[in-house]
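Participant: Below is the structure, and that's it, no one-letter string:
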């Protein structure tokens, strides 16, 4: 295995897991446990080797759930059957886990065993034909948005006292409500992602799967500039700014 590949930090996921499963791990492969192996495979395989660190962390969390289920139910994770996978799925359904959660967990486990198959450690993937149950709730009942009046009241609720925290909150609220950015995209935002162009200000948004640009409204730009000025940057050339928003 490539020694230059950096394995994500997985200490939070190791407690109580089986050390090594010899049924799928030849003795020639030296590894601490299945979580370590999953971390290495996900770093190499997910998103063509360029997965976000938080994506790998999420995948490891779901693998940890599966391995814990195997331990509790005395299932060998090195030789699971489709019946075992269906049992795990049924427990998720009975616990009223969201459709998206069940789907992601099964996708994660499928990716892990895909890695075992592609490396010649398993002949078949037991999760290959296992799907999440059909979603019964309409999207309109799940995806909600603020009305124009509710958005206005949200901004009114943020104090107009020019304190740094409130200026930050207004900038974040503008990016989310007016520009449609997700929470994770806000967390990944950096000042160097803001650029001045001939068409105006544009911001590089770091999405879950790929990056893209937005050209924010003038009121959004004003909120961001007010916040940055009070952060101590004054009003320099925007390309010279560095650091997290």
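Facilitator: Okay, I see it. All values reported here derive from a predicted model rather than from experimental measurement.

Participant: Residue 63: what's it in contact with?
Facilitator: Applying CB atoms under 8 Å, 6 or more residues apart in numbering to residue 63 gives the contacts 13, 34, 35, 38, 108, 109, 112. For every residue, glycine as well, the C-beta is placed using N, CA and C.

Participant: now it: how far from residue 127?
Facilitator: Noted for residue 63: a distance of 12 Å to residue 127, by CB to CB, to the nearest Å.

Participant: Now a PyMOL select for only the buried ones of the contacts of residue 63.
Facilitator: Of these, the buried ones can be selected in PyMOL as follows, counting by 16 or more other CB atoms under 10 Å:
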select buried, resi 13+34+35+38+108+109+112
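
Participant: what's the offset of the longest strand belonging to the chain from the middle of its chain?
Facilitator: Scanning the chain for the longest strand, with DSSP state E as the assignment, gives strand 200-206. Computed by CA atoms, centre = their mean, to the nearest Å, the chain-centroid distance of strand 200-206 equals 21 Å.

Participant: end to end, how far does stretch 170-188 reach?
Facilitator: 17 Å (CA to CA, to the nearest Å).

Participant: in that stretch, what's buried?
Facilitator: 170-177, 179, 181, 185-186, 188.

Participant: related to what we said a few turns ago, what's the most distant pair in the contacts of residue 63?
Facilitator: The most widely separated members of the contacts of residue 63, counting by CB to CB, are 13 and 109 (14.3 Å).

Participant: rewinding a little: out of the buried residues of stretch 170-188, which is nearest to residue 147?
Facilitator: Distances from residue 147 to the buried residues of stretch 170-188, taken by CB to CB, are shortest for residue 177, at 10.6 Å.

Participant: Next one: the closest residue to the closest one other than its chain neighbours relative to residue 187, how far apart?
Facilitator: Closest residue to residue 177 apart from its sequence neighbours, by CB to CB, 6 or more residues apart in numbering: residue 151 at 5.0 Å. Using CB to CB, residue 151 is found at 21 Å from residue 187.

Participant: One more: residue 45?
Facilitator: 25 Å.

Participant: Relative to the centre of this structure, pull out the residue lying furthest away.
Facilitator: residue 161 (34.5 Å; CA atoms, centre = their mean).
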